[in-house]
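Participant: Sequence first, predicted coordinates after that:
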Amino acid sequence: MISSSVAIAFRPPNCRLISWKRSSKILSNYTSAVQHNHQYHTLGLQKSTVLFKSFSKQPDFVNHTNKLLFKNYASKPKTEKKRSKGKIFLALVGFGVGALAGLGYMYRKMNTKVMPIANLDGNGNSFLFSEPPPIDLIAKRVVNPNDKSGLQITLFQYEPCPFCKKVRAFLDFAGVSYDIVEVNPVSKKQVGWSTYKKVPTVVVKVKEGYQQLNDSTMIISALASHLIDQDQSLLDIIKFYPIVEYSEEDGAKRSEIMNRYFLMFGDQEPVDRTKESIVEERRWRKWSDDVLMHTLSPNIYRTWDESLEAFKMFDKNGDWARIFSSWERQLVIYVGAAAMYMIGKRLKKRHHLLEDVRQSLYQEVNFFLKTVRSKGTPFMGGQLPNLADLAVYGCISSIDGSQSFDDLMSHSNVAPWYNRMQAVIDSRRGTIVTA
C-alpha cells in the first residue's frame, strides 16, 4: 500500500485534492514507479515533481508524468470558480440575513415578556380572569348603536383565519359591538397573557371578571345561547361545554370541547324552530368545520405565487402596515406564505382532495347549495341565515379577494347565495372604526 501522505505530497499545487484522489491513471503510474524502486522522497516547495533516483536516466517518463499532472488534473476553469464563489456568497448572505432576523426576533421576544394573568375560579373554569388582558393596540372597533346585549367583547384574531372570519360573521349578524386585536401569527405576543395560544379567542367582561372563550364553534354556541336567553349567565352556559382531555394510541395528548355544536336554550323554547331544523343546523356546522374548511388552504396556497398574493392581500385587509413593525410585517408575509404553501400540500394529501384542488372546493360548495335550493328559501335557515349559513359564509369570506375566490364565483353556483349573505350581514353590522 502507498502511504496517504506520499500520495498527497505528490499532488501538484494547482490540482484539487479530491480530483487528485480520483485520478486512477496517475496513481497507477505512481504505484508502478514505486514498485520498481522504493527510494523516493516527498515533494519540496518549489514544484510539483517527484525525483526518483532510479528514473534519473529516464526523463521521458518523468516528463510524461508531469504532462499528465498539469494537463489532465488541473483545477476547474476560472468561470466555474466564479460560479462556485457566487453561490457561496449568496448562501452566506442568506444565512446572515436569516441569522439577523432570528436574533432580532429572539431579542424582541425576550424583552417583551407577558405573564399570564391569574384566574379566579377554582371550580374548573381556568379561563376566568380578575383583570382584562394587556392590549397594546386595538386594531378596529365595530360599534353598533342598536346593540342591546350589554356584552363587552374583545376578539383576538388573525386576519386570514377562516375560523376568525366565522366568529366575525356571527358577531356582525348578531349586531353586537366588539373590539378586534390583530395577533401576530409568528410571535403571538398579543395572546402572551393566556395559556391558550390559538385564534380566535374572545374575552367577555362579566360580573365576576373577564371570561375567555376559545374555539370558534364553542364561542358562537355560547354567545348565541346567551343572546337567545339573556337571563342565562354566560358563566352558567359555558359549564355545558366542558373540556375533556384524552390520549391517542401514539401517546399524543388531545382535548375536545364537548357539546360545542349544541345551543343551550335554557328555559326558553326555541321560537319558530323544529327539532329537525336544529339537528340539521348542527350537522351542517360540523360539516363546515370538518369538510369545507379543509378545502380552503390547499386552494388559496395552491402555488407559491398564489400564496404570496394571498398574504399581500391579508396585509392590506388587516392593515398590518399600521399594526405591526416593518420587520414583523415582512416576516409574517414571506415566512407565512412559505409555511402555508407547504402546509397546503400536506392538507391536500391528508384530506384526500382531488388532484385539481379547485374541483374539491367547487364540489363541496355546490353540495351545500343543493340542500339550500331544495328548501326553496334564500338560506339554509329559511328567510334569514342560521348558524350553518354563517359558518359556510365565514369560510368562503376568508378567501374573498383571492384568485381562489374569483374561480369559485365563476365555476360554482355560490354567487347568489353569497351576495345575499353579505347584504344581510352588512345591514346588521355596526360601524367599523379604526382605533
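Facilitator: Looks like it came in fine. Numbers count the residues shown, from 1 in each chain.
Participant: what domains does the record give for this structure?
Facilitator: Annotated domains of the chain cover 4-72, 77-111, 128-434 [automatic domain parsing].
Participant: Show me what the strand or helix carrying residue 408 is packed up against.
Facilitator: Element membership of residue 408 [criterion: DSSP states H and E] is helix 403-411. Counting contacts by 3 or more CB pairs under 8 Å, 6 or more residues apart in numbering; DSSP states H and E, helix 403-411 is packed against helix 296-300, helix 304-317, helix 357-375. Just so you know, the C-beta spots here come from the backbone N, C-alpha and C atoms, and that holds for glycine as well.
Participant: any idea which of the domains of the chain is most buried?
Facilitator: Comparing the domains of the chain by mean neighbour count (mean count of other CB atoms under 10 Å), domain 128-434 comes out on top with a mean of 17.
Participant: and that one, how far apart are its ends?
Facilitator: 28 Å (CA to CA, to the nearest Å).
Participant: any idea of the mean pLDDT for that domain?
Facilitator: Confidence for domain 128-434, expressed as mean pLDDT, is 94.
Participant: Pull up the gap between residue 210 and residue 154, please.
Facilitator: Distance of residue 210 to residue 154, given as CB to CB, to the nearest Å: 9 Å.
Participant: now do residue 140
Facilitator: 11 Å.
Participant: rewinding a little: of all the helices and strands packed on helix 403-411, which one is nearest residue 323?
Facilitator: Taking CB to CB as the criterion, helix 304-317 is the member of the helices and strands packed on helix 403-411 that comes nearest to residue 323, at 10.0 Å.
Participant: Show me what the helix or strand that that closest one is followed by packs onto, helices and strands only.
Facilitator: Downstream of helix 304-317, the first helix or strand assigned by DSSP H and E is helix 320-323. Contacts defined by 3+ CB pairs under 8 Å, 6+ apart place helix 320-323 against helix 326-350.
Participant: Now do the helix it packs on: everything it contacts.
Facilitator: Helix 326-350 has contacts (CB atoms under 8 Å, 6 or more residues apart in numbering) with 101, 104-105, 184-187, 294, 297-304, 307-308, 310-312, 315, 320-321, 324, 353, 357.
Participant: quick revisit: any residues in contact with both of residue 140 and residue 154?
Facilitator: When contacts are counted by CB under 8 Å, 6+ apart, residue 140 and residue 154 have 179, 180 as shared neighbours.
Participant: any idea which element the closest residue to residue 234 other than its chain neighbours lies in?
Facilitator: Nearest residue to residue 234, sequence neighbours excluded (CB to CB, 6 or more residues apart in numbering): residue 226, at 5.2 Å. Using DSSP H and E, residue 226 falls within helix 216-228.
Participant: three-state assignment of residue 179?
Facilitator: Under DSSP: H, G, I helix; E, B strand; the rest coil, residue 179 falls in the strand class.
Participant: where do the strands sit along this protein?
Facilitator: 128-129, 140-143, 153-157, 178-182, 201-206, 209-214, 243-247, 253-257, 431-434 (DSSP state E).
Participant: quick one, which of these is nearest to residue 397?
Facilitator: For residue 397, the closest of the strands of the chain is strand 153-157, at 13.0 Å, according to CB to CB.
Participant: re earlier: residue 259 is nearest to which of the helices and strands packed on helix 403-411?
Facilitator: Residue 259 lies closest to helix 357-375 among these, at 23.6 Å (CB to CB).
Participant: Need the contact partners of the closest one.
Facilitator: By CB under 8 Å, 6+ apart, helix 357-375 touches 284, 287, 291-292, 295-296, 298-299, 302, 348, 353-354, 379-380, 382, 392, 396, 404, 407-408, 411-414, 417.
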